[in-house]
Every structure is written in structure tokens, then in C-alpha cells.
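**Q** sequence first, then the predicted structure:
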Amino acid sequence: MSATRTRIRTRTRPPRPTTRRRRSIPGRIALYSTLTLLLVVFAAPLVWALSGSFKPRGDIFDYPPPRLP
């Protein structure tokens, strides 16, 4: 008995490029500006509620409300 050898062909992927595509400077500025704006929008109510928790009860209902406790 003779053993026959069959060769299995495998597909190889072309190598990935080593350099990554970088974003342009205006694109980065727009991205970081948008993220900063969203951070302020979502964090402002949390900071407002946290500052109100340190105020005495009478100061909470003052009008106009003070910005800092």
C-alpha cells in the first residue's frame, strides 16, 4: 500500500499595512469639540444636583439661585 500525499492549498491574506490612517486636524478638532460639549451637557445637571446637596435647605430655594454653594 502506498500513501498518497495531497497538498492542501491555503489562501494567505495580503499583509496589512503597518501605518494607520490618521484623521485630519480639523476632523480631530471637531470630534474633541463635540465630545467636550456632550460632556458639559451631561455633567452639568449632575454637578448642579451635587452642589445642591451641600447647601442648607433655605439656600436651595433662593431666587436667583447662586452658582456656587
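**A** Thanks, I have the structure now.

**Q** how far away is the residue positioned nearest the centre of the chain from residue 52?
**A** Centroid-nearest residue in the chain, with C-alpha atoms, centre = their mean: residue 35, separated by 7.1 Å. Computed as C-beta to C-beta, to the nearest Å, the residue 35 to residue 52 distance reads 27 Å. Glycine gets a C-beta too; all of them are placed from N, C-alpha and C.

**Q** do the same with residue 11
**A** Separation of residue 11 from residue 52 (C-beta to C-beta) stands at 64 Å.

**Q** likewise residue 30?
**A** For residue 30, the distance to residue 52 - C-beta to C-beta - is 34 Å.

**Q** now do the residue nearest to the centre of the chain, the pLDDT please.
**A** Residue 35 is assigned 97 on the pLDDT scale.

**Q** low-confidence stretches in this protein?
**A** Scanning the chain for pLDDT under 70 picks out the ranges 1-3, 18-21, 67-69.

**Q** hmm, 90 instead?
**A** Scanning the chain for pLDDT under 90 picks out 1-26, 47-69.

**Q** pull the longest helix from it.
**A** The longest helix of the chain (DSSP state H) is helix 25-53.
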